[in-house]
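>>> below are the sequence and a predicted model for it; my questions follow.
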Amino acid sequence: MTLWLPAHRAPELGERVAWWRAREEALRRHGPLRLLRAGPSPRTPGIHRRLEAWLPFGTWREDVYEALRAWFGPALEELGVRLERGALAHARSWVDARAWLPPLGVHRFPSEALAALDEPEAAHELLFALYAPPRWGAALGRYPDRLARLVEALAGRRRLRAWDVGCATGEGTWEFAAALGAHRSLEVVGSTPWPLERLMAERGVRPHDPAASAALASFRRAHAEDLAGACVRFVVHDLRAGPLPGAFDAVLCHGLLGGLLRGADAERAFAHLAGALAPGALLSVADRFREDRARTARAQVRASAERAGLEELEPGLYRRPIPGPRGATAQGRSGRSGPAK
């Protein structure tokens, strides 16, 4: 494996690995090992609490962060990477971490995973996995119906500037560009608040996930003609800070509002999305959350759209009106409008 970040110095793990092995031995002697079973079976809060008695996850997480800082600290500081904002921050216990992060899935006990970090390649793989775990849902083919609807709604526009908000590792950005790019001038900007995600998006590779990397490479080869006229680029940007500069003809925000951004953060984020729209531009907001969270997110999005003065074309798809004479929109009495000029 080629390291994208220079390795600084090897961490001193011996004492911490020994400490964890002692905890694991206590679990073997006094606790049911079934607490460590892997897989999708439900794990109640009580199971997580019982496991914490032997394997305190917060302590292990800090040990991992210290190992990663030892290897890559200067590079992380230069990139502005905050380890505590990665996937481990959302795990409740060691079994969650194993289920969510493939590099950890090969280890049954925390001591094994920590000991593996004495090699820079293993540390590098885990570092990038923290910012693109499978459970975050970045993949090709996530929102095919919404993508097809956007292509239909944007038909006839010869020049387009689009923004894919929360692009993760870029698969959805490339899909959008391929769908819209044929026979037109197109710029698509993908944004993510995570510098390591941006690196993966720029290179089209996930160091910890060869299968996903191969799938994206295959997609881009298959759609090379569609992408020939598209300018696709990726930037580090946090939607909570405001919109990207300039106006966009289409903005995608899929899997973000109601997920990583909720409540007041989601309200502010939607205002920034609306502020990025050119007259006549389209905003697509979609999710694949569990149903209870999805209902809440969709209700908040609809209310935010009304406050922002956007027209709802269908659930999750909105349009900024084109100003007309005396403040009216450029719609006809039928309520339909033509493409933006």
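Yep, that arrived.

>>> which residues in the stretch 101-250 of the chain form helices?
Using DSSP state H, counting those that start in this stretch, the helices assigned to the stretch 101-250 of the chain run over residues 102-105, 110-116, 120-129, 144-153, 171-181, 195-203, 210-222, 224-227.

>>> so which of those is nearest residue 5?
Go through the helices of the stretch 101-250 of the chain one by one with C-beta to C-beta and the one that ends up closest to residue 5 is helix 120-129, at 6.8 Å. For the C-beta atoms, the positions are set from N, CA and C on the backbone; glycine is no exception.

>>> re earlier: now the helices of the stretch 101-250 of the chain in TSV, with mean neighbour count and mean pLDDT?
As requested, the helices of the stretch 101-250 of the chain are exported to TSV (neighbours: other C-beta atoms under 10 Å; pLDDT from 0 to 100):
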stretch	mean neighbour count	mean pLDDT
helix 102-105	18	91
helix 110-116	22	97
helix 120-129	21	96
helix 144-153	15	89
helix 171-181	23	91
helix 195-203	22	95
helix 210-222	14	94
helix 224-227	14	92
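
>>> for residue 10, find the nearest of those.
Of all the helices of the stretch 101-250 of the chain, it is helix 120-129 that lies closest to residue 10, at 7.7 Å by C-beta to C-beta.

>>> packing partners of that closest one?
When contacts are defined as 3 or more C-beta pairs under 8 Å, 6 or more residues apart in numbering; DSSP states H and E, helix 120-129 packs onto helix 57-79, helix 102-105, helix 195-203.

>>> try it again with 6 Å
helix 57-79, helix 102-105 (3 or more C-beta pairs under 6 Å, 6 or more residues apart in numbering; DSSP states H and E).

>>> reformat the ones you listed as TSV; add distance to residue 256.
TSV is the format used below for those (distance: least, C-beta to C-beta, whole Å):
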stretch	distance to residue 256
helix 57-79	22
helix 102-105	23
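
>>> mean pLDDT lowest where, among the ones you listed?
Among the helices and strands packed on helix 120-129, helix 102-105 carries the lowest mean pLDDT, a mean of 91.

>>> which elements pack onto that one?
Checked by 3+ C-beta pairs under 6 Å, 6+ apart, helix 102-105 has helix 94-100, helix 120-129 packed alongside it.

>>> among those helices, which comes closest to residue 256?
helix 94-100 (18.7 Å).

>>> can you list contacts of that closest one?
By C-beta atoms under 6 Å, 6 or more residues apart in numbering, the list of residues contacting helix 94-100 from outside reads 38, 55, 57, 87, 91, 104, 105, 110, 133, 135.

>>> go through the residues you listed and name the one nearest residue 125.
Relative to residue 125, the closest of these is residue 104; by C-beta to C-beta it sits at 10.1 Å.

>>> tell me which residues touch the closest one, please.
Each residue near residue 104 by C-beta under 6 Å, 6+ apart is listed here: 97, 98, 113.

>>> separation between it and residue 61?
11 Å (C-beta to C-beta, to the nearest Å).

>>> repeat that for residue 79.
According to C-beta to C-beta, residue 79 and residue 61 sit 20 Å apart.

>>> the two: who's more crowded?
Per other C-beta atoms under 10 Å, whichever of residue 79 and residue 61 has more neighbours is residue 61, with 19 against 16.

>>> just give the number of residues close to the closest residue to the more buried one other than its chain neighbours.
Nearest residue to residue 61 in three dimensions, chain neighbours excluded: residue 88, at 5.1 Å (C-beta to C-beta, 6 or more residues apart in numbering). Neighbours of residue 88 under the rule other C-beta under 10 Å: 24.

>>> for the stretch 201-341 of the chain, which residues score under the pLDDT cut-off?
By pLDDT under 70, the low-scoring segments of the stretch 201-341 of the chain are 258-263, 290, 325-341.

>>> what segments of it are strands?
Assigned by DSSP state E, counting those that start in this stretch, the strands in the stretch 201-341 of the chain fall at 230-236, 248-254, 277-286, 311-314, 317-319.

>>> nearest to residue 172 among the ones you listed would be which one?
Relative to residue 172, the nearest member of the strands of the stretch 201-341 of the chain by C-beta to C-beta is strand 248-254, separated by 6.4 Å.

>>> what helices or strands is that closest one leaning on?
The elements that strand 248-254 packs onto, with contact taken as 3+ C-beta pairs under 6 Å, 6+ apart, are strand 159-165, strand 277-286.

>>> and the contacts of that strand?
Strand 248-254 is contacted by residues 143, 160-165, 273, 276, 278, 281-286 when judged by C-beta under 6 Å, 6+ apart.

>>> likewise stretch 218-230?
If you take C-beta under 6 Å, 6+ apart as the criterion, stretch 218-230 is touched by 140, 177, 178, 181, 182, 186.

>>> tell me the pLDDT at the fifth one?
For residue 182, the model assigns a pLDDT of 70.
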